[in-house]
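Undergrad: give me a model of this one.
(2 chains)
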2 protein chains.
Amino acid sequence: MSTRLEAERKGSPSLSARELAYVLHKSKALVEKSERLEQLLVRDPVFHHETMNYQTRAEQYKRALQMAARVEIIARRNRLSEADTEHLRTIFQSITSCSAATLLHTLMFVKNLGLLFTDEQQTQWMDMAKQWRMIGCYAQTELGHGSNVRGLETTATYIRATDEFEIHSPTLTSMKWWPGALARTANFGVVYARLLLCGKDYGVHSFMVQLRDLETHDAMPGVTLGDVGPKIGFNNVDNGYCSFHRVRLPRQNMAMRFAAVTREGKYVKNSNVSEQVLYFTMLQTRIAFIRSVGIGLAKTCTIAIRYSAVRQQGYDANNPSSKEELSVLDYQTQQYRLFPLLATAYAILLTGNRMDQFSAALLEQIKCGNINLLTVGHVMSCGLKVRATDLATAGIETARRACGGHGFLLSSGIPTVSGDILQTVTTEGDNLVLSIQTARALLKILALYKKTGVVPEPMAFLSNIDKPQYATHRTMQQWLEPHNYVAAFEQRFLFQLRLYAEKISTESSVAAGLQNNSLDTLKLTDSYGSLVVVKAFAEALEAPSIVSSESTPPPAVLNILRLLCHLFALTQLEASAGEFMESGCVSPSEMPSIRANIEKLLALIRPHAVTLADGFNFSDHTLNSTLGRYDGNVYEALFASAQHDPLNHSSDKVVLYEFLRPIRDEMLQSRL
Amino acid sequence: MSTRLEAERKGSPSLSARELAYVLHKSKALVEKSERLEQLLVRDPVFHHETMNYQTRAEQYKRALQMAARVEIIARRNRLSEADTEHLRTIFQSITSCSAATLLHTLMFVKNLGLLFTDEQQTQWMDMAKQWRMIGCYAQTELGHGSNVRGLETTATYIRATDEFEIHSPTLTSMKWWPGALARTANFGVVYARLLLCGKDYGVHSFMVQLRDLETHDAMPGVTLGDVGPKIGFNNVDNGYCSFHRVRLPRQNMAMRFAAVTREGKYVKNSNVSEQVLYFTMLQTRIAFIRSVGIGLAKTCTIAIRYSAVRQQGYDANNPSSKEELSVLDYQTQQYRLFPLLATAYAILLTGNRMDQFSAALLEQIKCGNINLLTVGHVMSCGLKVRATDLATAGIETARRACGGHGFLLSSGIPTVSGDILQTVTTEGDNLVLSIQTARALLKILALYKKTGVVPEPMAFLSNIDKPQYATHRTMQQWLEPHNYVAAFEQRFLFQLRLYAEKISTESSVAAGLQNNSLDTLKLTDSYGSLVVVKAFAEALEAPSIVSSESTPPPAVLNILRLLCHLFALTQLEASAGEFMESGCVSPSEMPSIRANIEKLLALIRPHAVTLADGFNFSDHTLNSTLGRYDGNVYEALFASAQHDPLNHSSDKVVLYEFLRPIRDEMLQSRL
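TA: Now for the predicted structure:
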């Protein structure tokens, strides 16, 4: 154990990392269960990490599949419930920092099978899918078409004579491109294609298409499959391409829950089934991003903070006689880099907990036919997906840089997390596209409020929209009162929303307004997302039960959470200070107090930084980082890790014989 | 040729990409020479890229060495001058987006040999080095010690009895760690170690240490060598570790230009040689970063802009009857993402040109014994290194995201550039450390001005430090006048500098002040760096000859440069609007005009965006990007690139036999 980390932990005796974990991860019971489940995996050598940074893509892919398969077998052998099996899969994702191709099958394909297909269709396939005889993928995106689903080109033409659909890729750009598990793993795919009946285009629908022979794993006739090539991250997953040359399938393979095609080729909408459930699923997916990117940020924070406590550099100018170098974490600049990230990770995780509760409540309501909160759920999930993924991806890179050169090494563990999280700003709705959706939904809620005077509870602040903004000069102390800074975030947002609504109202249509003022949507979505997170964090301090079943955390925990909440809010405010000033709710002369508070908070948090990182409760196995080890033996770990590099077990004489000698000869020759 | 890019280029008929290139790359003659030299490499199959994204590290390393050796041979065979050979090496770096280990030899080791060692010592080694019999590296950084050179632990103890130094690594943390070319390539190293004479520590000095046998390439006795492991980028280079166990070398192997040790073990400073030259070399290295990160940003801008012009997505809400999808580049949000980056790349390259001129003039002055401008050169090179690398690294990631999912693919070319450029925020002075150096130097120049009333020309604005800041309300048009926005950048900076100087003056020492107020140094350095860049860009419009020998570019070029300059300045201002308001030089009520200008500039630049990207003058070979091709045949290129993936030429039946079958069997079994 590095004496430095020991000293850090001793320096924060009243704060319990475990109690922090119970709040961050929803409950004591859940933390303990996660630990038990993690142990099931860690004990198994298949999950060991030693060689992962040195593997080729083919090896990475194989290892990931091996692990994913192992997860299922372990779940079976330990007779885990379905819920615990799903939990185990999530833990597998967390400890490997990367999906496996078959997680798309277990987490997404099976869910979509249940969602898009009729009960009859499910009878045909669900057992196969659960027994891994059918391995599915979800083939929507095309080479030339992403965010705009309406633009997809793959066609599904009904052939009445044979009662079949013909799936076809008419152009290069219509080739399916990106779906995970498509290249090598899946033998079936839910394929999105334009439904054509008697030459009429009914828009995009889903079809169950067999991609490979179940016995030989060969591509089916007319199906061309391949891998899209190496990526920044996610190299475990075989994101693939696929083109169809007039592939026939039975009419019954269309996903018929929401609409069907009859034997006669007639299109029939199923009016008994609400598409709300479908929207709700997308909403759930976006909400799941919040905690998952929070976890990624938390991992890199843990690594960077522990390393910064161990790393020593430079001498203390306030104590010139001291010969020992300072810990890097003692520098204000390093604290300013890392503690706001720590606060951000706490903020995102607590907001994620809150949204998980909200989403569960929403599901209950929808089941009872009450869809009042669906628009609010939509706007919250879009706005938070954008904000959380933006904050987390930027934060992960900041944490990486805070580790200096060593953060550039894969063995630091940060590049793996980064490669895993970076895609979240693009997938499941590119953040730019979701910004526009957020703005559209905000306008809708605002219009409803203006019309009815009613506003759903989570958006209650909307009723202040026409109140004037004001900047009373708050004292330093007042800036540490959550109701004051939450009010500032509200006022900035409402100011922007009001101007935006006015601008849009002068346009020829809302759609044209959104397109012509899309710059404003970026700011609006950011400021909305920031407000929701700051508010959620502040409210969690008042009523911890909304984020964790540990409703009365110890005072030391609440106290430090309060400091983190202040720091998060004030650094977020500082980063967009101009917008706050422009909206009239913060005056330029208040900035010195705000900054003085930030400096004070950094100093107050400093003694607890390592414990706060410990509170995320990552095992060394999950962090898989030379720099982030619990024991702080960073340098031993760096050296040991390099010993696994195959380069260090191969001859380097190639340099001499293949390069240096020929050059020397050339040089000597050309002198003649 | 994609009809879209053709149409884009036709849409900007008056603007010549070539004329832009002449300004960006200093002169027509230089552009043409670069093209000629690039052809020497591109013609050679060794430099082809087809398989690079699929190589293991060992293969990447080998390929890079192969190319680097080829560069030398081509230079010889074409009888290039020494200057042209160096130019060819730079082009090699640019077309591969990555260094090779031996570039550290040719670009750095040979230079240091000439700088640190006496003429006598050079006679012994220079020929060997130039003929690649000696391949050197530069071994400073240790496992536990980076920025603080004073903390290095490796020792060099003088052994009088044998007239030798004994180089030793006393601890794990003293192991050399990171030096490029150390792991497998170099046979000699300039090693930094603490000089110990009769038990007295004389601080860190350099020593020429033989690392490997010249005949066998085996490590010398007492020397342990290895590779530090895979990294985010720079995997071509064998960054290595090395520990010394009591390695003896002749006393004459100490670098003795600045100080020597006599046969008797006496330390003698060489008072004839000024260490200014040494400082100047570090300054030159930092200045070289400016253009090099500008080139990286320019590459990714070119890729993202061409791809965004080709990519179509969504329908035009202003023209609902149109069936064709819009080009992504037609969206305001995409323009807002990319055009400020385009402007930033132009700004950085033009500032780099200016600094190259400044550095050449400085060298002439130093040769004449005039070191008046050295402090100014120091502060400019530090501040600009920080600002340029921060802007470029952030911009490259923004450009990557602007390519949506495809930007995640290595074949997009962006991850390679990113991996190459990301390290620039850390190497040659971590940006945090350089911020403090910038602040320290600014205080020094300010103090001198206060004392003497004299301020060197490039810092003339310092004389306004005590003038009050004011925010007269400028009209929209006035915000497009460079003297107005340059004044705002000056005033913000001077406001911060004045407050900072006041704060520091209350501290016990400048060193303590710097340490205790390091948060302020970040802002100060940013605002100083931004000022220098905005000023350099604006001044280049007035007097193009300070950035390019094309002193009278055509009006179309000057006009578009003016728009880019406005856009750069105003978006930079917007990003830190709070600081401008706090300093009193911009009023919150001016923001709507500033933003309206930004929106207007985006629209004005739109028709020329592709030509502006063409102006960077990258060949398809250099970009090496499926998305950034000159012909715009993006989708064909993506598909073709995937065909090179070895995964697409190997059997995928492993999935069936190794994973799916066993799981299925397990599932069936456990049901029994």
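Undergrad: ranges for the strands of the stretch 151-300 of chain A?
TA: For the stretch 151-300 of chain A, the strands defined by DSSP state E, counting those that start in this stretch occupy A:155-159, A:164-168, A:176-177, A:188-197, A:200-210, A:223-227, A:240-244, A:247-250, A:259-261, A:267-269.
Undergrad: out of those strands, which is closest to chain B?
TA: strand A:223-227 (4.5 Å; C-beta to the nearest C-beta). (Each C-beta comes from the backbone N, C-alpha and C, glycine too.)
Undergrad: what angle separates that closest one from strand A:200-210?
TA: With axes from the mean of the first three to the mean of the last three C-alpha atoms, to 10 degrees defining the directions, strand A:223-227 sits at 70 degrees from strand A:200-210.
Undergrad: adjacent strands (with direction) for strand A:223-227?
TA: strand A:240-244 (antiparallel) (DSSP bridges).
Undergrad: return the most buried member of the strands of the stretch 151-300 of chain A.
TA: strand A:176-177 (a mean of 28; mean count of other C-beta atoms under 10 Å in any protein chain shown).
Undergrad: how about the strands in the stretch 551-672 of chain A?
TA: According to DSSP E, counting those that start in this stretch, the stretch 551-672 of chain A contains no strands.
Undergrad: if we can go back for a sec, so which of the strands of the stretch 151-300 of chain A is nearest residue A:624?
TA: Taking C-beta to C-beta, strand A:223-227 is the member of the strands of the stretch 151-300 of chain A nearest to residue A:624, at 25.4 Å.
Undergrad: report how many residues lie close to residue A:323.
TA: Residues lying near residue A:323 (other C-beta atoms under 10 Å in any protein chain shown) number 6.
Undergrad: with residue A:640 instead?
TA: 13.
Undergrad: picking up where we left off before, I'd like the strands of the stretch 151-300 of chain A as TSV, with mean pLDDT appended.
TA: Shown next, in TSV, are these (pLDDT from 0 to 100):
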stretch	mean pLDDT
strand A:155-159	98
strand A:164-168	98
strand A:176-177	98
strand A:188-197	97
strand A:200-210	97
strand A:223-227	97
strand A:240-244	98
strand A:247-250	98
strand A:259-261	96
strand A:267-269	95
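Undergrad: would you mind putting the ones you listed into a markdown table with distance to residue B:156 alongside?
TA: Listed next are the strands of the stretch 151-300 of chain A as a markdown table, based on distance: least, C-beta to C-beta, whole Å:
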| stretch | distance to residue B:156 |
| --- | --- |
| strand A:155-159 | 75 |
| strand A:164-168 | 73 |
| strand A:176-177 | 58 |
| strand A:188-197 | 65 |
| strand A:200-210 | 70 |
| strand A:223-227 | 53 |
| strand A:240-244 | 57 |
| strand A:247-250 | 73 |
| strand A:259-261 | 80 |
| strand A:267-269 | 84 |
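Undergrad: of those strands, which is nearest residue B:71?
TA: Shortest distance between residue B:71 and those, using C-beta to C-beta, is found for strand A:223-227: 33.2 Å.
Undergrad: contacts for the closest one, please.
TA: A:182-184, A:209, A:211-212, A:219, A:238-245, A:247, B:642-643, B:645, B:647-648 (C-beta atoms under 8 Å, 6 or more residues apart in numbering or on different chains).
Undergrad: same question, stretch A:79-92
TA: With C-beta under 8 Å, 6+ apart, stretch A:79-92 has contacts from A:33-34, A:37-38, A:40-41, A:47, A:67-68, A:71-72, A:74-75, A:100, A:103, A:106-107.
Undergrad: low-scoring stretches of chain A, by residue?
TA: A:1-2, A:469, A:471, A:670-672 (pLDDT under 70).
Undergrad: wait, what's in contact with the residue in the stretch 51-200 of chain A positioned nearest to chain B?
TA: Nearest residue of the stretch 51-200 of chain A to chain B: residue A:184, at 3.8 Å (C-beta to the nearest C-beta). Counting by C-beta under 8 Å, 6+ apart, residue A:184 touches A:61, A:101, A:225, A:227, A:238, A:240, B:647, B:652, B:655.
Undergrad: how about residue A:41?
TA: Residue A:41 neighbours (C-beta under 8 Å, 6+ apart): A:47, A:70-71, A:74, A:88, A:91-92, A:95.
Undergrad: what do you get if the cut-off is 6 Å, keeping everything else the same?
TA: For residue A:41, the contact set (C-beta atoms under 6 Å, 6 or more residues apart in numbering or on different chains) comprises residue A:47.
Undergrad: ok, residue A:287 next?
TA: A:355, A:359, A:381.
Undergrad: ramachandran angles for the last one?
TA: Pointing back at residue A:381 there. The phi/psi pair for residue A:381 (degrees, to the nearest 10) reads phi -70, psi -40.
Undergrad: residue B:512 versus that one, what's the distance?
TA: 49 Å (C-beta to C-beta, to the nearest Å).
Undergrad: who's more crowded, these two?
TA: Of the pair residue A:381 and residue B:512, residue A:381 is the one with more neighbours under other C-beta under 10 Å, namely 29 against 16.
Undergrad: for that one, which non-adjacent residue is closest in space?
TA: In this structure, residue A:381 finds its nearest non-sequential neighbour in residue A:286, 4.1 Å apart by C-beta to C-beta, 6 or more residues apart in numbering or on different chains.
Undergrad: what's the neighbour count on the one you found?
TA: 25.
Undergrad: residue A:452 now?
TA: By other C-beta under 10 Å, neighbour count at residue A:452 equals 8.
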